[in-house]
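Q: okay, predicted coordinates and the sequence, questions at the end:
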Amino acid sequence: MQMKSEQTFWMSAAATYTVAWGWSFFFANAYFWDDWASFFGKTPEEPFDLGYYEEKHFLNPVINSLLLNFGIWAFRLAIFALMFGAGVFAYKIISRAKLFSVAQCRLFVLVFLLLPVNHARFSIQTFEYSFAYFFFFLGWYLVLLRKPIWRIAALISFLIAIGTPSFLTFMILPVINLFYLDRPRTADQIFKWLLRHLDIFALVIVFALFFRTSQGEVEKYGTSSYGLLYSVSLGLAFAIFAFVMLRRRRKNSLPIRDQITILSSIALVWLGTVPYWIVGYDPARGLPDVFQLHAGARIQANEYFTLSMSVLKLVAGIAIGLLVLFAIKRKSRHSSLIIPNIFIVLYLLNNHFVGPLEWDSRLQLLWPLGLALLAVGLIEFVPLNLREKNASLLVVALTAATALISAEYYVDSLKQKAVIEAVGRDVQDLDGRTVLVSEFKNKLNARDRTYRVGEWSGIVNKALVGDDNVIKTFIALKDDQTCPVSYRGVALYPRVTSSFFESLFNRRVDVEVGRIDLPVAASGPAIRACPER
C-alpha cells in the first residue's frame, strides 16, 4: 500500500474506517439485543443492570454510569474511537517488530480495522469488550517502550484489559513479543528474563485467583468437556499440519518466511477461540453444516456413530478442498494469484451469507489480529506486479462488506422506530390485556436475527409507556408456539413492506402492524392455535 506520507495513510485509514463503521452515528441512540433489558430507560443510579453483576467488567459500574450521564450516543462514540485506537497501537506494535515492510504494516492495519467481525460492537451491552480491547493493545505497546513510567502505565492498561477475563489467555502475546525482542538463550538468561518480567506474570496470576475467589463459580466461566475437546483437537491438528508443511518447505530448500506468517496467523485465530470454546461457547456454529460436529450433545447422548460420521464428513470436506488447491497449484500458471484470493472470497462469502457468527461475533476479539496477519502473508504469494492492486482491491472489498453489515443495523434501527410509531399510534386501548408479538419473517432485522422477548418488551413499552416501566406483560411468540393461558390478549403482527435498499435510501422502513384481540378467559385452558399469521 504505497502512500505519500504517514499522515496521508492515516487520513485514508480513518476515512475508510468511517465508511465501514461510521453508520453507527446514524443510529447513535438505538438499542440492540440485551440493550433493551439492560439500558433502556435506566439511569446511572440503577447499578444491577448496568454491570455490577459478577460476569461483567469490574469497571462497568463506573464507566457505564459516567457515559449514561451523557446519553446512549456516548457509548457508540467511545466504541468507534476505541476500536480505531486499537488499530493504531496494533500498527505500532507490528512496526516495531521489524519483520514487515512499511507497505505490509499498512495493509495489516487496514485489514485489522476493516474486517467485518466484532460487529456486535453495535450493542452497547458489549461496550466492555471494546474498552478492554483498546487497553490490551495500548498496554502491549507501552510495555515495548522499555521505560519505567510506561511500564507502570502498561500494567494498569493490562489490568483494565483482563477485566474481561478472555484477555487473560491473550496476555501470552505481549509476553512472546518481549521474549522475541530479548532473545534469552541460556538457562541463566531465561531465568533473569523471567525475573525482569515477573510483574506481568504476577498481574495475570493474581487477577485470575482474585476473580475466581471473589466471583465464585460463575457458570459463564466454567469449563466444558466439549470445549476442551474442540480446543485441544483443533490445536493438535493445526500443530501437525504446520509441522508437516514447514518440514516440506525446508526439505525442498524453499523460503519459509511467508508460510510462517500464514501459520502464525492461523494460530492466532485458533488462540482467539480457545477462551470461548473452553467455557462452552461454540463460535463455529455459524459455519456451514459440514463443520457442525455438535460434539458435546452427541457425547452426552452416546451418539458416537453419528459424531464419527460428522467428523468424517468434516475431514473429507477439508481434504477435497486441499485437493482442489493442489490441482490449481499444479495446473494453473496463475495459481499464485488465484489461491490467495480464493481464501479471501470464501471469507467474505461466509460473512455475508452466514454472518460473522451473529451475536457470537462479540467473542472474536482476537480474530482481526490473526486475519490481518493472514492477509499480509497471502498477498505475498501474489505476483509482484499485481500485489499492490490486489491489496487495494482487498481493502475496497472489506470496506464494502463491513459497510453493508453496518447498514443492516441502521435499517434495523429504522424498522424498530417504525414499529414503535405504529404501535404507539394504533394500540391505545389495552385495558390490562397482555400484548403478544409475533413476526412471521425477520425481514430487515440485521443479520436476519430474531428479536428476543426482551427486545419486543422494550419496543412495545417505548411505544405505549415511554420507558421500561413495565405495566403490561409483553410476550414474543414463535411460529410454532401456542398462545399463553389465563390472559385476555392483544396479538400484534408487524409486517415490513419496503425493501432493504428502498429503506436505506429513503431512511424509512414501511411497516404494517396487524392486530387481533384474544378474549382468553381467566383460568381457562391453553389455546392450541394462535391466530393465522
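A: Noted; the coordinates are in hand. Being a predicted model, the structure only gives us computed values, none of them experimental. Residues are numbered from 1 along each chain as shown.

Q: show me the helices in the stretch 151-300 of the chain, by range?
A: 167-170, 172-182, 187-196, 198-215, 225-251, 257-278, 295-300 (DSSP state H, counting those that start in this stretch).

Q: just checking, what packs against the longest one?
A: If I follow you right, that is helix 225-251. The contact analysis (3 or more C-beta pairs under 8 Å, 6 or more residues apart in numbering; DSSP states H and E) places helix 225-251 against helix 257-278, helix 295-300. From N, CA and C alone the C-beta is placed, and that goes for glycine too.

Q: check those helices for me: which has the lowest mean pLDDT.
A: Of all the helices and strands packed on helix 225-251, mean pLDDT reaches its minimum on helix 295-300 (a mean of 68).

Q: beyond that helix, next helix or strand please.
A: helix 304-331 (DSSP states H and E).

Q: out of the helices and strands packed on helix 225-251, indicate the one that is most buried.
A: Ranked by mean neighbour count under mean count of other C-beta atoms under 10 Å, these are led by helix 257-278, which reaches a mean of 19.

Q: dump the C-alpha coordinates for that one into PDB.
A: Below are the C-alpha coordinates for helix 257-278, written out as PDB (Å, rounded to 0.1, in the frame of the first residue of the first chain):
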ATOM      1  CA  ARG A 257       9.100 -16.700   5.900                       C
ATOM      2  CA  ASP A 258       5.700 -16.100   4.300                       C
ATOM      3  CA  GLN A 259       4.500 -19.600   5.300                       C
ATOM      4  CA  ILE A 260       5.500 -18.900   8.900                       C
ATOM      5  CA  THR A 261       3.500 -15.700   8.700                       C
ATOM      6  CA  ILE A 262       0.400 -17.600   7.500                       C
ATOM      7  CA  LEU A 263       0.700 -20.400  10.000                       C
ATOM      8  CA  SER A 264       1.300 -17.900  12.800                       C
ATOM      9  CA  SER A 265      -1.900 -16.000  11.800                       C
ATOM     10  CA  ILE A 266      -3.900 -19.200  11.800                       C
ATOM     11  CA  ALA A 267      -2.500 -20.000  15.300                       C
ATOM     12  CA  LEU A 268      -3.700 -16.500  16.400                       C
ATOM     13  CA  VAL A 269      -7.200 -17.200  15.200                       C
ATOM     14  CA  TRP A 270      -7.200 -20.500  17.000                       C
ATOM     15  CA  LEU A 271      -5.900 -18.800  20.200                       C
ATOM     16  CA  GLY A 272      -8.700 -16.300  19.800                       C
ATOM     17  CA  THR A 273     -11.300 -19.000  20.000                       C
ATOM     18  CA  VAL A 274      -9.800 -21.000  22.900                       C
ATOM     19  CA  PRO A 275     -11.200 -19.000  25.900                       C
ATOM     20  CA  TYR A 276     -14.700 -19.200  24.400                       C
ATOM     21  CA  TRP A 277     -14.600 -22.900  23.400                       C
ATOM     22  CA  ILE A 278     -13.300 -23.900  26.800                       C
END
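
Q: Ile205 is in contact with Met171, correct?
A: No. If you go by C-beta atoms under 8 Å, Met171 and Ile205 don't touch, sitting 10.3 Å apart.

Q: of these two, who's got more company?
A: Met171 (21 against 11; other C-beta atoms under 10 Å).

Q: number of residues surrounding the nearest residue to that one once chain neighbours are set aside?
A: Leaving aside its sequence neighbours, Met171 sits nearest to Val204 (C-beta to C-beta, 6 or more residues apart in numbering; 5.2 Å). When neighbours are counted by other C-beta under 10 Å, Val204 registers 19.

Q: wait, Val204 touches Pro165, no?
A: No. Counting by C-beta under 8 Å, Val204 does not reach Pro165; the two are 10.6 Å apart.

Q: quick check, Ile516 in a strand?
A: Yes. The assignment for Ile516, made by DSSP: H, G, I helix; E, B strand; the rest coil, places it in a strand.

Q: what is the burial count for it?
A: Burial of Ile516 is recorded as 13 neighbouring residues (other C-beta under 10 Å).

Q: what pairs with it across the strands?
A: Beta-bridge pairing for Ile516 (DSSP bridges): Ala491.

Q: and it, how far from Arg151?
A: Applying C-beta to C-beta, to the nearest Å, the value for Ile516 to Arg151 is 66 Å.

Q: ok, and the closest non-adjacent residue to Ile160?
A: Phe135 (4.2 Å).

Q: what does Leu142 give?
A: Of all residues not flanking Leu142 in the chain, Ala154 sits nearest, at 3.7 Å (C-beta to C-beta, 6+ apart).

Q: just Ala401 next, same as before
A: Counting by C-beta to C-beta, 6+ apart, Ala401 lies nearest to Pro116, which is 4.7 Å off, once chain neighbours are set aside.

Q: check which helix or strand the nearest residue to Ala161 once chain neighbours are set aside maps to.
A: With C-beta to C-beta, 6+ apart as the criterion, Ala161 has its nearest non-adjacent residue at 3.8 Å, and that residue is Phe136. Element membership of Phe136, judged by DSSP H and E, is helix 127-143.

Q: go on, Trp150?
A: helix 148-161.

Q: only the buried residues of that helix, if you could.
A: 150-151, 153-155, 157-161 (16 or more other C-beta atoms under 10 Å).

Q: same question, stretch 70-88
A: Neighbour-count burial for stretch 70-88 [16+ other C-beta under 10 Å]: 72-76, 78-80, 82-88.

Q: quick check: of these, which lies closest to Phe127?
A: The closest of the buried residues of stretch 70-88 to Phe127 turns out to be Phe75 (C-beta to C-beta; 5.2 Å).

Q: check contacts around that closest one.
A: Going by C-beta atoms under 8 Å, 6 or more residues apart in numbering, Phe75 touches 67, 124, 127.

Q: which residues does the last one contact?
A: Right, the one you point to is Phe127. So Phe127 contacts 63-64, 67, 75, 78-79 (C-beta under 8 Å, 6+ apart).

Q: what's the most distant pair in the residues you listed?
A: Taking C-beta to C-beta, the two most distant members of the contacts of Phe127 are Asn64 and Ile79; they sit 12.8 Å apart.

Q: fine by me, we can end here.
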